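Enquirer: Return a 3D structure for these sequence lines:
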Amino acid sequence: MIRTETVKLKKVAGLAYKQKLVAGGAGLTIMTPGDKAVFTINKRDGKTVPYGVVNESIFTEAVVGEALELTKGLSYKKMGSIVKVYDDFRCDETSLDPETEDEKPSVDVVASKEYAGFIAEYTDKNDKFSFQLMNRDLMKFAQSSSVVRSMIANADSDDAIFRYTVRSKAVSLAGTKSMDEALLTGFIETFDSMETRSAFKELKANIRAKKSKTKR
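Expert: The predicted structure follows:
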């Protein structure tokens, strides 16, 4: 199971964590002593949408908002089942619902050396993954790369340049020789699911700007 660390909530006796959904993208799970709710996170506006039936009297807008804020920016990792005690109540999750369980991912991105390399390189002093730091470094890499300059001059697609940049940096940090297409796609999607506005937004904008400048 791939999900983030759990966080304790103040607005309700319970805990929350993010996890990968089978349907794709990131899901926000909130658990109380007697109930549980799962929400998808809309990448366009960052808002939550119920994933199945949700008890709105317990999982109010304020509770969901707090859970979303506390889990924002947490990186994914492999974790076992949750057993948490609040006062005299027990939140016990021994297995996840089938619709939210990612039992057999086609590519285990989190276990890869490339993922570990990015997490280690771009985690700031507060132990939070920094998308700003990541984008700045990737743009710096693209600026110094003769291959990227050649791709821009040859009018290669934005996506091709973007994927080359991410792949090259990931391989460099991991100390590996290659990164296949399936792993690269899963790698990009995993980081995108951690950031509602798109993890690589600044890098992509920078690539578009460079190509536009070259056309003049």
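Enquirer: Name the helix or strand for Gln132, please.
Expert: helix 131-144 (DSSP states H and E).
Enquirer: centroid residue for the chain?
Expert: Met194 (2.2 Å; CA atoms, centre = their mean).
Enquirer: which residues touch that residue?
Expert: Applying CB atoms under 8 Å, 6 or more residues apart in numbering to Met194 gives the contacts 18, 26, 73-76, 129. C-betas here are computed from N, CA, C, even on glycine.
Enquirer: Just the buried residues of the residues you listed.
Expert: Neighbour counting by 16 or more other CB atoms under 10 Å classes 18, 26, 74-76, 129 among the contacts of Met194 as buried.
Enquirer: which residue sits closest to Cys166 in space, ignoring its chain neighbours?
Expert: Let me fix one detail, which is that residue 166 is Val and not Cys. Distances taken as CB to CB, 6 or more residues apart in numbering put Ile188 closest to Val166, at 6.3 Å, once the chain neighbours are dropped.
Enquirer: roughly how far apart are the one you found and Val53?
Expert: Separation of Ile188 from Val53 (CB to CB, to the nearest Å): 32 Å.
Enquirer: Compare the two and say which is more crowded by neighbours.
Expert: Ile188 (19 against 8; other CB atoms under 10 Å).
Enquirer: Run through the residues that contact the more buried one.
Expert: Listed by CB under 8 Å, 6+ apart, the contact set of Ile188 reads 163, 166, 199-200.
Enquirer: Which positions in the helix holding Gln132 come out as buried?
Expert: For helix 131-144, a neighbour-count test (16+ other CB under 10 Å) marks 131, 134-135, 137-139, 141-142 as buried.
Enquirer: and what of stretch 118-129?
Expert: If you call a residue buried by 16+ other CB under 10 Å, then stretch 118-129 has these buried ones: 118-119, 121-122, 129.
Enquirer: can the residues you listed go into TSV with extra columns for distance to Gly175 and secondary structure?
Expert: Converted to TSV, these look like this (distance: CB to CB, whole Å; DSSP: H, G, I helix; E, B strand; the rest coil):
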residue	distance to Gly175	secondary structure
Phe118	13	helix
Ile119	15	helix
Glu121	12	helix
Tyr122	16	coil
Phe129	20	strand
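Enquirer: which of the residues you listed sit farthest apart?
Expert: The largest separation in these, counting by CB to CB, is between Glu121 and Phe129 at 9.9 Å.
Enquirer: which residues in the protein form helices?
Expert: Here the chain has its helices, by DSSP state H, at 61-71, 113-121, 131-144, 146-153, 158-174, 181-193, 201-215.
Enquirer: Among these, show the one with the smallest mean pLDDT.
Expert: Ranked by mean pLDDT, the helices of the chain bottom out at helix 181-193, which scores a mean of 85.
Enquirer: ok now that helix, how far from the chain's centre?
Expert: How far helix 181-193 lies from its chain's middle: 9 Å, per CA atoms, centre = their mean, to the nearest Å.
Enquirer: pretty sure Ser75 contacts Phe129?
Expert: Yes. Contact criterion CB atoms under 8 Å: Ser75 and Phe129 qualify, at 4.8 Å.
Enquirer: Next, show the common contact partners of those two.
Expert: Joint contacts of Ser75 and Phe129 (CB under 8 Å, 6+ apart) are 119, 123, 194.
Enquirer: I am finished for the moment; much appreciated.
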